[in-house]
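Participant: Starting from these lines, generate the structure:
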Amino acid sequence: MNTERLTGAKPPTGQVNEMHQADLDNLIKEYDNESNFRDLRGGLKHFVTLVCVTLSLFHIYTAGFGLLNEVTHRTVHMTFIMGLLFLVFPRKAAKKQSTGIVLGLMYGAFYLLIAHQLVSALSQDLPPMMAAGVYFFAGMMALSALPLSALGGRGNKPGWLDWPLAILGTGFSLYLVYFFDEIFIINVGFPQTLDYLMGGVAILLVIEGARRTMGESLSIIGVLALLYAMFGPYLPGVLAHRGYDIIRLVEHLYLGTEGIYGIAIGVVATYVFHFVLFGVLAQASGLGQLFIELATLLAGRYSGGPAKVSVVSSGFFGMISGSPVANTVTTGAFTIPMMQRYGFSGRFAAATEAAASCGGQITPPIMGASAFVMAEMLGIPYNELILVAVIPAAFHYLATLCMVHFEARRLGLEGVPAEDIPRFRDVMARHWHQTIPLIVMVTLLLMQFTPFLAAFWGIILTVVCSYLPLLLKPLGFDKLDHESVLTPSRLVFSLEEGAKQSIAITAACACVGFLLGVTTLTGLGFKFSGAIVGLATDFGTWLSMIVPFDLLTPDSTVLFVALLLVAVACILMGAGIPTTPTYIILASIVAPALDEFGIALLASHFFIFYYGVLADVTPPVALAAYAGAGISGSDPMRTGTTAFRLSMGKALVPFMFVFAPSLLFLNFNWSEFILAMISGILCIFALSTAYIGYFRTTLHKPEKIMLSIAGLALVGSQLWLVAIAGSVVVAILLRNHLQSKERPGAHPA
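Facilitator: Here you go, the predicted structure:
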């Protein structure tokens with residue numbers, strides 16, 4: 001992916017891009033599986049471009065002029081995507097040969113197991129030649145999973161296995177499109193032998209597709225979900241269930257809307273694709289450059305200005321970017337070297353960029369793709385969802401900016417020189433036309449138009465407005481940015497890139513469909529929630545008993561322990577998996593546990609959503625932080641740890657809006673809202689100063705410990721806690737302020 005060509009962004013005045021474009025693209029490919037595209041050449045490149053552009057135009061047309069029926073729309077989308085997947089993405093292989101062989105054998109055994117189960121179940125209706133074909137296909141899939149370089153397909157050129165997989169990937173969805181009436185109307189409830197065979201093909205190809213695009217984590221979850229459904233009677237204790245054979249699984253996962261073509265694919269095919277495409281076109285038309293210049297104008301002049309520019313620009317950029325890793329690399333190519341030049345360590349610079357980039361996933365108005373899935377799953381209008389997200393997102397960026405500010409003051413760093421800060425009048429004179437599509441799209445969302453219709457007009461206006469510099473130049477508007485016009489070649493490139501960026505998320509959501517389908521069959525979510533409730537009740541009750549003076553009530557302690565267990569589960573499940581499939585998994589498996597405690601449905605889903613996003617900056621699999629470390633040259637693990645601390649607002653705010661739902665405007669109460677806001681701001685200040693170790697002067701270790709304890713206590717948003725902990729925070733910071741006046745060398749905050 002050519003990030004410069006895609007974003008149209010150039011370093012602001014005074015900045016130098018210190019990394020070659022090829023290095024940036026390699027970083028994205030290394031840490032962002034979703035963007036690990038082959039660099040195709042020749043006729044195949046033109047063919048893939050044609051298919052991608054056709055898919056993008058199909059979605060633009062349906063967004064503006066009406067969707068197809070539910071099943072047909074989803075299957076048409078999957079027909080394009082699964083055919084492209086095996087041509088666009090290289091064959092996946094583990095870095096260690098031994099690990100790759102073990103994983104390959106595991107996948108191969110699973111593929112052959114599915115084939116055997118299918119042949120055995122259909123033995124009476126399956127001719128010997130067709131049965132042999134099923135085993136041959138499974139064997140071919142098993143070979144594809146092994147790290148054998150002789151098979152090809154691991155570089156930019158597709159191997160001999162990729163072509164039949166691409167054809168079959170197209171075929172299993174096209175089959176449903178072509179035989180729609182026979183399958184879903186005439187013979188509904190009575191599938192034919194060929195229907196089951198195509199379902200088996202679909203299951204294997206979706207697992208392999210998720211493995212290529214997402215890595216091992218998600219595909220292994222899909223495999224385990226299917227094995228759990230098949231071998232339920234042999235499992236111990238609460239995990240046991242009646243079990244389902246391959247015939248029942250195919251009917252449920254392939255021939256219905258509970259599995260592959262379930263709600264996850266429905267949201268991708270109707271909402272997510274359109275906003276991904278809008279983001280690509282907006283970036284190509286120069287919106288990224290506008291964001292960087294506005295961020296420099298807003299924050300550059302203050303202490304530690306380059307880091308604050310990074311936070312603000314990445315927040316802007318993240319609103320329209322679906323990938324925290326790509327966001328980190330794209331904006332970090334400019335901001336990380338600039339932060340290092342102005343005195344920040346490489347570790348802190350990379351961590352700041354990663355934390356800010358991940359924040360874009362929780363920042364209205366677009367919030368990545370997960371918000372659309374949440375709106376669909378909860379049945380909440382999208383315009384209400386983005387309003388609910390405003391306060392929590394503000395807390396996240398307040399925390400990041402506070403720590404950046406205190407670190408800058410600790411180091412005695414100044415802002416960006418005045419001559420390098422653009423003037424607002426000049427910025428808007430160059431870029432005002434690029435704001436029109438975003439303003440119109442957000443307005444339509446707030447007016448409760450459908451998200452895909454809002455995206456349709458956003459896409460159309462992005463293309464049209466990119467030509468305004470040429471159209472208005474004869475009228476004297478010669479200051480407009482002429483370099484971001486979406487010429488036919490750039491438009492084709494953007495349409496192709498938008499389709500490519502949707503491949504991985506589609507494959508991931510299809511694989512997540514296995515987990516959703518198995519959950520509805522087996523009640524897995526209720527079993528997981530029962531385990532969480534049991535553990536929280538036992539440990540929370542014990543904890544409340546050992547704390548003196550009845551400071552902790554059993555109910556509040558059990559709730560806190562349950563939230564802590566769910567948070568840990570969210571981070572572990574989200575490790576190495578993009579935000580959208582992470583949220584879908586958590587919503588089906590983990591969210592029911594919070595429902596048992598009477599937490600509002602929206603609050604529980606926001607809780608798991610925030611912690612799913614946090615996984616991108618949580619070691620040991622902090623992909624966004626690792627990508628930033630690749631630019632700064634810092635230690636990846638230490639960078640990940642720093643990024644997690646800088647994301648402290650995102651880690652604590654979910655607890656706050658569970659204890660004070662008014663922050664999400666649920667059961668709104670002014671006194672609760674004001675108390676929660678005061679508590680949140682004090683909490684952020686306390687923990688920011690404690691982590692950096694500086695306010696007006698250097699903090700002593702006892703002060704940092706007391707501030708940390710007081711900050712964590714403020715999360716509860718209870719009046720007596722706010723009064724006591726808030727007094728501690730104010731007293732320590734006031735004492736530090738008075739000490740700064742006595743120390744001539746101190747840097748004022």
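Participant: Only C-alpha atoms from now on, for both contacts and neighbour counts.
Facilitator: Noted.
Participant: Now do the SS call for Leu67.
Facilitator: coil (DSSP: H, G, I helix; E, B strand; the rest coil).
Participant: Break the chain down into its structural domains.
Facilitator: Per automatic domain parsing, the structural domains of the chain span 3-31+267-486, 33-256, 669-749.
Participant: ok, and the closest non-adjacent residue to Val201?
Facilitator: Distances taken as Cα to Cα, 6 or more residues apart in numbering put Phe172 closest to Val201, at 7.0 Å, once the chain neighbours are dropped.
Participant: Which helix or strand lies directly C-terminal to whichever helix in the chain runs longest?
Facilitator: As assigned by DSSP state H, the longest helix anywhere in the chain is helix 488-522. Heading C-terminal from helix 488-522, the first helix or strand you meet, by DSSP states H and E, is helix 524-546.
Participant: For that following helix, name the packing helices and strands.
Facilitator: helix 554-573, helix 579-589, helix 591-595 (3 or more Cα pairs under 8 Å, 6 or more residues apart in numbering; DSSP states H and E).
Participant: tell me what the first one is packed against?
Facilitator: So that's helix 554-573. helix 524-546, helix 579-589, helix 591-595, helix 601-614.
Participant: from the chain's centre, how far out does stretch 86-106 sit?
Facilitator: 24 Å (Cα atoms, centre = their mean, to the nearest Å).
Participant: got it, and stretch 597-607?
Facilitator: Distance, centroid of stretch 597-607 to centroid of chain: 20 Å (Cα atoms, centre = their mean).
Participant: Same check on stretch 614-633?
Facilitator: Put simply, stretch 614-633 sits 14 Å off its chain's centre (Cα atoms, centre = their mean).
Participant: Endpoints of it, how far apart?
Facilitator: 23 Å (Cα to Cα, to the nearest Å).
Participant: Buried residues of it, list them for me.
Facilitator: Using 16 or more other Cα atoms under 10 Å as the test for burial, stretch 614-633 gives 614-632.
Participant: Keep only those of those that are in helices.
Facilitator: Counting by DSSP H, the part of these found in helices is 614, 623-632.
Participant: If we only consider those, which is nearest to Pro392?
Facilitator: Closest approach to Pro392 among these (Cα to Cα): Leu614, at 13.5 Å.
Participant: Do I have it right that the closest one meets Leu652?
Facilitator: No: taking contacts as Cα atoms under 8 Å, Leu614 lies outside contact range of Leu652: 10.9 Å.
Participant: which stretches of the stretch 51-200 of the chain form helices?
Facilitator: Under the criterion DSSP state H, counting those that start in this stretch, helices of the stretch 51-200 of the chain are mapped to 70-88, 97-121, 128-145, 162-178, 180-181, 193-214.
Participant: tell me the mean pLDDT for the longest one?
Facilitator: Helix 97-121 shows a mean pLDDT of 89.
Participant: Output the contacting helices and strands for it.
Facilitator: When contacts are defined as 3+ Cα pairs under 8 Å, 6+ apart, helix 97-121 packs onto helix 128-145, helix 193-214, helix 246-253.
Participant: Name the stretch among those that sits most buried.
Facilitator: helix 193-214 (a mean of 23; mean count of other Cα atoms under 10 Å).
Participant: helix or strand right after that one?
Facilitator: helix 216-230.
Participant: List of residues touching that following helix?
Facilitator: 110, 207-208, 210-211, 243-246, 508, 511-512, 514-515, 518, 521-522, 575-577 (Cα atoms under 8 Å, 6 or more residues apart in numbering).
Participant: quick check: angle from that helix to helix 554-573?
Facilitator: 110 degrees (axes from the mean of the first three to the mean of the last three Cα atoms, to 10 degrees).
Participant: Could you list the buried residues of helix 216-230?
Facilitator: The neighbour-count check on helix 216-230 (16+ other Cα under 10 Å) flags 216, 218-223, 225-230 as buried.
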